[in-house]
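S.K.: My questions concern the predicted model and sequence given below.
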Amino acid sequence: MSAQLSDDAQLIAACRRGEARAMEMLYHQFKRRVFGMAHRIVGATDAEEVAQEVFVRVFRGLERFRGDSALSTWIYRLTVNASLSHLARRGRRQEVSDENIPEQAATPEPERDPGLAARIEACLDKLPAGYRAILVLHDVEGLSHEECAAILECRVGTCKSQLHKARARMRELLGPIGDRT
């Protein structure tokens with residue numbers, strides 16, 4: 001059955017017919033990237049909630065999915081939109097409370113330098129949501145400028161400009177790499 005559903009169009013058609021196996025396959029195909037993208041945009045505390053919201057939107061919206069873009073592009077757009085909506089609902093209260101938490105309290109990721117990983121996560125959290133979204137899409141997820149522009153529904157030039165500004169702001173927040181204050 002998985003060979004039959006390997007094509008996005010067949011997978012979508014099966015999901016539209018209500019086939020539970022197809023829905024499960026779609027979920028498993030995208031769950032890690034949706035959660036990872038949500039985690040990097042909204043933070044660890046709210047990532048699961050946002051990821052659940054994304055999949056509810058995916059399964060409710062499949063009937064209206066026209067196929068103008070790739071299925072993955074559509075799902076990533078839903079992820080970014082759900083993440084940004086969540087941040088807007090949450091408001092600035094989380095950012096204010098995070099400023100009082102010492103950096104060492106941040107949960108380190110299993111990387112070579114957990115201190116640097118924690119600094120990067122803390123700085124990423126301080127970026128405006130739009131900058132955070134473009135950095136996650138392009139630099140973390142590895143999507144092209146064209147894919148990012150499609151997901152963010154903007155021109156490629158705007159995407160490149162926002163990425164440049166986001167990276168500059170990130171460098172400013174990180175400061176010198178040797179400075180671990």
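M.R.: Right, received. Where do you want to start? Keep in mind that this is a model prediction, so the values were computed, not measured. Residues are numbered from 1 along each chain as shown.
S.K.: Helices of this structure, residue ranges please.
M.R.: Residue ranges of the helices in the chain, as given by DSSP state H, are 8-16, 20-42, 44-61, 71-90, 93-98, 114-126, 129-135, 145-152, 156-174.
S.K.: quick one: low-confidence parts of this protein?
M.R.: 1-6, 92-113, 177-181 (pLDDT under 70).
S.K.: Give me the most central residue, it.
M.R.: Geometric centre of the chain, nearest residue: Met37, 2.3 Å, by C-alpha atoms, centre = their mean.
S.K.: got a list of what the nearest residue to that residue once chain neighbours are set aside touches?
M.R.: Excluding the flanking residues, the one nearest Met37 by C-beta to C-beta, 6 or more residues apart in numbering is Thr79, at 5.0 Å. The C-beta positions use only the backbone N, C-alpha and C, and glycine is treated the same way. Thr79 makes contacts with 33-34, 37-38, 50-51, 54, as judged by C-beta atoms under 8 Å, 6 or more residues apart in numbering.
S.K.: again, only using 7 Å
M.R.: If a contact means C-beta atoms under 7 Å, 6 or more residues apart in numbering, then Thr79 has 34, 37-38, 54 as its contacts.
S.K.: about what we covered before: and among the helices of the chain, the most buried is which?
M.R.: helix 129-135 (a mean of 22; mean count of other C-beta atoms under 10 Å).
S.K.: Identify all contacting residues around that one.
M.R.: Counting by C-beta under 7 Å, 6+ apart, 41, 80, 83-84, 87, 124, 148, 152, 159, 162-163, 165-166, 169-170 sit against helix 129-135.
S.K.: Show me how far it is from its chain's centre.
M.R.: Between the centre of helix 129-135 and the centre of its chain there are 9 Å (C-alpha atoms, centre = their mean, to the nearest Å).
S.K.: Need the CA coordinates for that helix. PDB is fine.
M.R.: This file holds the C-alpha atoms of helix 129-135, laid out as PDB (Å, rounded to 0.1, in the frame of the first residue of the first chain):
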ATOM      1  CA  ALA A 129       8.500  36.100  14.900                       C
ATOM      2  CA  GLY A 130       9.000  36.900  11.200                       C
ATOM      3  CA  TYR A 131      12.700  36.800  11.400                       C
ATOM      4  CA  ARG A 132      12.500  33.600  13.400                       C
ATOM      5  CA  ALA A 133      10.300  32.000  10.800                       C
ATOM      6  CA  ILE A 134      12.600  32.800   7.800                       C
ATOM      7  CA  LEU A 135      15.700  31.700   9.700                       C
END
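S.K.: Identify the spatial nearest neighbour of Thr158, chain neighbours not counted.
M.R.: Closest residue to Thr158 apart from its sequence neighbours, by C-beta to C-beta, 6+ apart: Ala149 at 7.1 Å.
S.K.: and that neighbour, how far is that from Cys15?
M.R.: Distance from Ala149 to Cys15, counting by C-beta to C-beta, to the nearest Å: 27 Å.
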